[in-house]
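Engineer: following is a predicted model, sequence given first.
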Amino acid sequence: MLSGLEAVFFYLFAFIAVASAFMVISSRNPVHSVLFLILTFFNAAGLFMLTGAEFLAMILLVVYVGAVMVLFLFVVMMLDVDFAEMKQGALQYAPIGALVGLILAAELIIVLGGYSFAPELASTVAKATPDLATRSNTAALGDILYTDYLYYFQIAGLVLLVAMIGAIVLTLRHKPGVKRQSIAAQVGRTPATGMEIRKVKSGEGI
């Protein structure tokens with residue numbers, strides 16, 4: 001339970017996160033949307049810090065803000081995309097978006113409203129293991145990942161590796177007539193084959 005100054009920071013971070021998230025979907029400029037999304041992640045990291053999940057806060061800043069959002073920003077700024085043309089065809093996806101929004105709203109109402117109609121559901125919520133008052137969140141998360149879910153963690157890493165290799169293969173293009181270095185041929189050269197002596201006549205080139 002938060003109290004005092006922690007409660008003030010909690011509501012401050014939560015309000016800024018919700019406001020910036022609303023600006024992400026309502027901003028007309030895609031660059032502004034990305035910047036507001038970065039602000040949302042910063043405030044979400046602050047909320048994680050208040051709850052004692054410092055590792056998740058750092059991962060959120062390093063991975064999402066430091067890598068993904070910067071990548072989005074560069075892609076949006078470098079690509080010559082006609083956003084006016086894209087907005088003209090955006091209305092056809094409005095029914096699907098409304099359906100997804102209604103489903104998410106219904107799920108939130110069921111989850112949050114369930115405790116009001118059935119208070120005994122609160123006893124089924126999983127407690128923190130181990131007690132975060134005696135052990136840090138990073139150590140507890142490391143034990144869970146590398147002890148209880150080691151194989152799933154390794155499988156997730158392999159899936160990401162396959163996705164990275166697939167992206168490289170899909171974008172790799174070999175154009176005919178382009179000169180490239182052959183590293184194997186260069187490494188395999190010897191002094192006997194790497195030097196060629198030619199007799200050049202006066203006034204002529206090689």
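Structural biologist: Sure thing, it's come through.
Engineer: give the contact list for the spatially closest residue to residue 9 that is not a sequence neighbour.
Structural biologist: With C-beta to C-beta, 6 or more residues apart in numbering as the criterion, residue 9 has its nearest non-adjacent residue at 6.2 Å, and that residue is residue 50. The C-beta positions use only the backbone N, C-alpha and C, and glycine is treated the same way. Residue 50 sits next to 2, 6, 9-10, 13 when contact means C-beta atoms under 8 Å, 6 or more residues apart in numbering.
Engineer: repeat that with 10 Å
Structural biologist: By C-beta atoms under 10 Å, 6 or more residues apart in numbering, the contact list for residue 50 reads 2, 6-7, 9-10, 13-14, 57.
Engineer: after whatever helix or strand residue 44 lives in, next one along is what?
Structural biologist: Assigned by DSSP states H and E, residue 44 belongs to helix 30-50. Following helix 30-50 in sequence order, the next helix or strand is helix 54-59 (DSSP H and E).
Engineer: which residues sit against the helix or strand following that following helix?
Structural biologist: Scanning forward in sequence from helix 54-59 by DSSP H and E, the next helix or strand is helix 70-78. Contacts with helix 70-78, where a contact means C-beta under 10 Å, 6+ apart, come from 29-31, 33-35, 37-38, 64, 81, 83.
Engineer: and those, which are buried?
Structural biologist: Buried residues within the contacts of helix 70-78, counting neighbours by 16 or more other C-beta atoms under 10 Å: 30, 33-35, 37-38, 64.
Engineer: mean confidence (pLDDT) on the longest helix along the chain, please.
Structural biologist: Counting by DSSP state H, the longest helix found in the chain is helix 94-117. Mean per-residue pLDDT for helix 94-117: 84.
Engineer: which other helices and strands contact the next helix-or-strand element following it?
Structural biologist: Downstream of helix 94-117, the next assigned helix or strand under DSSP H and E is helix 137-143. Under the contact definition 3 or more C-beta pairs under 10 Å, 6 or more residues apart in numbering; DSSP states H and E, helix 137-143 sits against helix 54-59.
Engineer: buried ones in the helix it packs on?
Structural biologist: 55-57.
Engineer: likewise for stretch 101-108?
Structural biologist: Along stretch 101-108, no position meets the burial threshold by neighbour count (16+ other C-beta under 10 Å).
Engineer: next up, the contacts around residue 55.
Structural biologist: The contact partners of residue 55, by C-beta under 10 Å, 6+ apart, come to 48, 136-142.
Engineer: now a ChimeraX select for only the buried ones of the residues you listed.
Structural biologist: Selection of buried members from the contacts of residue 55 for ChimeraX, criterion 16+ other C-beta under 10 Å:
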select :48,137,140
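Engineer: same list (the contacts of residue 55) but as a markdown table, adding pLDDT and distance to residue 183.
Structural biologist: Formatted as a markdown table, the contacts of residue 55 follow (pLDDT from 0 to 100; distance: C-beta to C-beta, whole Å):
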| residue | pLDDT | distance to residue 183 |
| --- | --- | --- |
| 48 | 89 | 45 |
| 136 | 77 | 46 |
| 137 | 76 | 46 |
| 138 | 80 | 42 |
| 139 | 82 | 44 |
| 140 | 80 | 46 |
| 141 | 81 | 42 |
| 142 | 84 | 40 |
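Engineer: since that was my last question, I'll sign off now.
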